[in-house]
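Undergrad: Got a predicted structure here, sequence first:
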Amino acid sequence: MASQSLDTVSARRRVRAAFLNAQERLDHFLFKAAPSGILMEERYERNSKGLEVFWKSWLPNLGIATKATLFFCHGYGDTCTFFFEGIAKRIAAAGYGVYAMDYPGFGLSEGLHGYIPSFDEMVDHVIEQYARIRERREVAELQHFLLGQSMGGAVALKVHLKQPKEWDGVLLVAPMCKIAEDVTPPAAILYALSLLSYILPEAKLFPQKDLGDLAFRDPEKRKMAEYNVISYADQMRLKTAVELIKATREIESKLEEVTSPLLILHGAADKVTDPNVSKFLYDKSSTKDKTLRFYEEGFHAILEGEPDERISNVIDDIISWLDSHVAIQ
């Protein structure tokens with residue numbers, strides 16, 4: 001069932017429903033150590049462009065006051081559920097309302113699977129959906145933070161650059177401010193593929209390495225990642241690749257405009273997104289309130305693919321930073 005074409009959202013939703021119970025029984029730290037009693041809600045909403053967008057929330061147990069809200073931007077090919085469920089539950093148990101959405105074309109949202117026709121437009125979808133959620137009565141008066149992982153780091157930075165006054169902080173995990181040289185083709189091939197993307201934008205022709213093996217340090221956790229059956233694991237579509245490269249170049253040129261309180265967490269041995277670019281972001285950003293933390297020997301997926309203790313430490317670092325920034329407002 002999981003090997004069928006997932007180009008349509010109806011297929012992705014069927015497959016996710018079929019695998020949901022199996023996913024929750026996986027022997028992964030994020031599932032085993034997830035707190036109980038978290039209030040969860042899943043919803044579909046049609047946005048102003050006519051696309052049905054999936055989003056989910058994780059709220060503290062009844063009787064626990066919500067300190068602030070955290071809005072998640074997921075990575076390329078990923079979803080806002082599966083591994084993030086365990087992360088969100090840990091953060092919600094610490095007193096935060098956590099909200100996440102699937103971008104159009106990913107996870108349970110409508111759109112051609114794995115296709116990003118415009119990175120800017122995708123960011124606008126995120127801004128619109130999260131604006132709707134922030135207007136909800138239960139969170140409207142709270143502080144709002146952005147959490148972006150990998151490509152989601154680029155999304156979060158773009159959201160902040162478009163809305164510099166509307167967020168109380170940006171948290172980035174292995175952010176894609178620049179794609180590592182090891183996983184990009186030579187310049188001449190990139191140019192040819194860029195031209196071809198105008199003719200065959202949806203074609204799965206962009207050459208790439210198996211990022212899963214590069215992302216997960218723990219091979220057993222790498223195997224479990226395959227149970228996120230609605231993630232996009234095929235070859236990258238041409239237009240998607242061109243849009244990601246264009247977006248990272250634009251973000252790299254605007255790092256001085258990053259003014260929000262900033263937390264950057266990165267595995268020191270990451271071969272997917274360059275840790276040196278996180279250091280560059282830290283140095284170039286205009287904010288005075290910034291923290292950069294490297295994790296020794298850490299690969300790209302420091303929230304999912306590391307030893308259990310490391311994953312727990314990274315989540316604790318996120319919660320501690322949030323606690324300190326809620327307290328100082």
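TA: Nice, I can see it.

Undergrad: Low-confidence stretches in the stretch 101-250 of the chain?
TA: 178-185, 206-211 (pLDDT under 70).

Undergrad: please redo it, this time with the cut-off set to 80
TA: Counting by pLDDT under 80, the ranges of the stretch 101-250 of the chain that qualify are 178-194, 197, 205-213.

Undergrad: how about the helices in it?
TA: Secondary structure of the stretch 101-250 of the chain by DSSP state H, counting those that start in this stretch: the helices cover 119-134, 151-162, 187-196, 211-215, 219-225, 238-253.

Undergrad: Same list (the ones you listed) but as TSV, adding distance to residue 175 and mean neighbour count.
TA: Every residue, glycine included, has its C-beta placed from N, CA and C. Formatted as TSV, the helices of the stretch 101-250 of the chain follow (distance: least, C-beta to C-beta, whole Å; neighbours: other C-beta atoms under 10 Å):
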stretch	distance to residue 175	mean neighbour count
helix 119-134	14	18
helix 151-162	3	25
helix 187-196	21	13
helix 211-215	14	18
helix 219-225	20	16
helix 238-253	9	19
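
Undergrad: between those helices, which gets nearest to residue 316?
TA: helix 219-225 (18.5 Å; C-beta to C-beta).

Undergrad: hey, C-alpha coordinates of the closest one in CSV?
TA: C-alpha atoms of helix 219-225 as CSV (Å, rounded to 0.1, in the frame of the first residue of the first chain):
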residue,chain,number,x,y,z
PRO,A,219,21.0,3.3,11.9
GLU,A,220,18.1,1.8,13.8
LYS,A,221,16.3,5.1,13.9
ARG,A,222,17.0,5.5,10.2
LYS,A,223,15.0,2.3,9.5
MET,A,224,12.1,3.6,11.6
ALA,A,225,12.0,6.8,9.5
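
Undergrad: Indicate which one of the helices of the stretch 101-250 of the chain is closest to residue 143.
TA: That would be helix 119-134 among the helices of the stretch 101-250 of the chain, by C-beta to C-beta, at 10.4 Å.
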